[in-house]
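**Student:** Next one to model:
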Amino acid sequence: MDEIKEVSLDMRDYIVSSGAETLSWCMQCGLCTNLCPWRQVTGEVSEAFNIRKMQRLGQLGLEGFEDENILFACVTCGMCLVNCPRKVEIINNVRSMRSTTVEAGFLPAGLRPIAGSLHANNNPWSGEQEKRAAWQEGLDIPAFSEDTEYLLYVCCTSCYDTRSQKIAKSVVKMLKQAGVSFGVLTADEKCCGESIRKLGDEALFTKLAESNIKLFQSKGVKKIITTSPHCLFAFKKDYPELGGDFEAMHYTEVLGALLKEGKLSIDGEFAKKVTFHDPCYLGRHNEVYDAPRELLQAVAGAELVELERNKNKSLCCAGGGGRVWAETPFGERFGELRINDAVDKKAEILVTACPYCITMLEDACAGLEKGDVLQVMELSEFLCAASQPKV
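**Tutor:** Residues are numbered from 1 along each chain as shown. Below is the predicted model:
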């Protein structure tokens, strides 16, 4: 018994040393569990996953922890994080607990191909490195040089996924329309590593991040525009730990600032009733709330209606923490609740600003067969549609 207790204490110390420095701060008040989006749905995962219990198991060195799959249920949405009365870094604690299983060679079966593709192809979508920049064909995007103000970093999803490539193209069109000085290094870039770090593979994250940092520094990159809030998080919060100090902004921040300065105008009209879904990694994790709304309201004819759960109370789409690759049965998906939220507001278009959110919300909309009353659009696509000359 003493030997088991000693092993548990050693494991707890290892978890803490892996990034869970605030693990002992948790006083088990249960607020995190009450706020967790898994409480909004029913199903096997919802019944088994309890973030408060997860913190306690971490304090006990994972003693008695039997189902490693539940450890990977956390969507890292940050709802618990921003409301914790003790300011416990709950997501870091989860990430550190995950790292103990990853280092032992365990990943849920559905995530193993993701890690394998990152090792082999430097992206999670099994796309060839040589085709990372294929989405740029016909767009005439300049290569980044030292005379360029911004590097445009396009996430892996929008490099390889056919649907998501439309987002990258729309962002490029809007940046050009705004006269932004930007260029790309897409062909030489690797995944930012945000999601694989949240899944606990620190070694793989470090490999990817150090390669990008070396590339960016060698090219003289100072400022980065991202198409994905997840990449934004990596560049702002993770890369400085490895010496990568860059000024990173989401494209909505850049366009929003230019709009305020009078350097960008949306000349077209889009007479639709729209609502905005705040992505967790744009909102709670990076506190970007105003710019997307200001851009929407700059479109003539667009009527913005707010969802009941908005801004820092926004309901997660369930794409974070690696869950964008998870198989979640219909009826248990947060995105379905989000679609119903928009329909209840009688919105015609649900707009968001994250490639992961687009994937999750469009899947939910199709599953609920709501496509006849609601369209899901990425914000850059909405702005481009408004800017198109009407025939």
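
**Student:** helix/strand/coil for Arg183?
**Tutor:** Just to correct that, residue 183 is Gly rather than Arg. Local secondary structure at Gly183 is given as strand here, using DSSP: H, G, I helix; E, B strand; the rest coil.

**Student:** can you list the domains in the protein?
**Tutor:** According to automatic domain parsing, the chain comprises the domains 2-106, 110-257, 266-387.

**Student:** how about the ones you listed in TSV, adding mean pLDDT and mean neighbour count?
**Tutor:** Just so you know, the C-beta spots here come from the backbone N, C-alpha and C atoms, and that holds for glycine as well. Supplementary listing: these in TSV, determined by pLDDT from 0 to 100; neighbours: other C-beta atoms under 10 Å:
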stretch	mean pLDDT	mean neighbour count
domain 2-106	89	18
domain 110-257	97	20
domain 266-387	96	20
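
**Student:** What segments of the stretch 251-391 of the chain are helices?
**Tutor:** Defined through DSSP state H, counting those that start in this stretch, the helices belonging to the stretch 251-391 of the chain, from first to last, are 251-260, 290-297, 334-344, 355-367, 379-387.

**Student:** now the last one, how far from the chain's geometric center?
**Tutor:** Remark: helix 379-387 is offset 21 Å from the chain centroid, using C-alpha atoms, centre = their mean, to the nearest Å.

**Student:** Need the CA coordinates for that helix. CSV is fine.
**Tutor:** Included here for helix 379-387 are C-alpha records, laid out as CSV according to Å, rounded to 0.1, in the frame of the first residue of the first chain:
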residue,chain,number,x,y,z
LEU,A,379,-16.9,36.1,-41.4
SER,A,380,-14.5,36.7,-44.2
GLU,A,381,-16.8,34.9,-46.6
PHE,A,382,-19.7,37.1,-45.4
LEU,A,383,-17.7,40.3,-46.0
CYS,A,384,-16.6,39.1,-49.4
ALA,A,385,-20.2,38.3,-50.3
ALA,A,386,-21.2,41.8,-49.3
SER,A,387,-18.4,43.3,-51.4
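
**Student:** for that helix, packing partners?
**Tutor:** helix 162-177, helix 251-260, helix 290-297, strand 349-352 (3 or more C-beta pairs under 8 Å, 6 or more residues apart in numbering; DSSP states H and E).

**Student:** which secondary structure elements does the third one contact?
**Tutor:** Pointing back at helix 290-297 there. Partner elements for helix 290-297 (3+ C-beta pairs under 8 Å, 6+ apart): helix 251-260, strand 273-276, strand 303-304, helix 379-387.

**Student:** who does the helix ranked longest in the chain touch, helix- and strand-wise?
**Tutor:** Ranked by residue count, the top helix of the chain under DSSP state H comes out as helix 202-219. In this structure, helix 202-219 makes packing contacts with helix 112-121, helix 194-198, judged by 3+ C-beta pairs under 8 Å, 6+ apart.

**Student:** any chance of the ones you listed in TSV, plus distance to Arg309?
**Tutor:** Output for these, formatted as TSV (distance: least, C-beta to C-beta, whole Å):
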stretch	distance to Arg309
helix 112-121	29
helix 194-198	23
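
**Student:** how about those, which one is nearest Ser380?
**Tutor:** The closest of the helices and strands packed on helix 202-219 to Ser380 is helix 194-198. By C-beta to C-beta, the value is 20.0 Å.

**Student:** what's that closest one in contact with?
**Tutor:** Around helix 194-198, the neighbours that count as contacts under C-beta atoms under 8 Å, 6 or more residues apart in numbering are 76, 91, 95, 98, 114-115, 118, 124, 204-205, 208, 230-231, 233-234, 238, 320-322, 324.

**Student:** CA-only coordinates of that helix in CSV, if you can.
**Tutor:** Output in CSV follows, covering the C-alpha atoms of helix 194-198 (Å, rounded to 0.1, in the frame of the first residue of the first chain):
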residue,chain,number,x,y,z
GLU,A,194,-1.7,24.2,-30.8
SER,A,195,-4.0,21.3,-30.9
ILE,A,196,-1.4,18.6,-30.5
ARG,A,197,0.0,20.4,-27.5
LYS,A,198,-3.5,20.5,-26.0
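
**Student:** Can you report phi and psi for Glu68?
**Tutor:** In terms of degrees, to the nearest 10, the main-chain angles of Glu68 are phi -60, psi -30.

**Student:** Do I have it right that it meets Leu111?
**Tutor:** No. In this structure, Glu68 is not within contact of Leu111 by C-beta atoms under 8 Å, at 11.2 Å.

**Student:** give the contact list for the residue positioned nearest the centre of the chain.
**Tutor:** Of all residues in the chain, the one closest to the mean position by C-alpha atoms, centre = their mean is His230, 3.6 Å from it. With contacts defined as C-beta under 8 Å, 6+ apart, the neighbours of His230 are Cys155, Cys192, Glu194, Ser195, Tyr281, Gly320, Cys354, Tyr356.

**Student:** Then it would be within a helix, right?
**Tutor:** Yes. With three-state DSSP as the criterion, His230 is assigned to a helix.

**Student:** Thought Ala209 was touching Leu118, still the case?
**Tutor:** No. With contact defined as C-beta under 8 Å, Leu118 and Ala209 do not form a contacting pair (11.8 Å).

**Student:** which residues are common contacts for those two?
**Tutor:** With C-beta under 8 Å, 6+ apart applied, the overlap between the contact sets of Leu118 and Ala209 consists of Gly193.

**Student:** hang on, the earlier thing: for Gly301, see how far away the residue nearest to the centre of the chain is.
**Tutor:** Applying C-beta to C-beta, to the nearest Å, the value for His230 to Gly301 is 32 Å.
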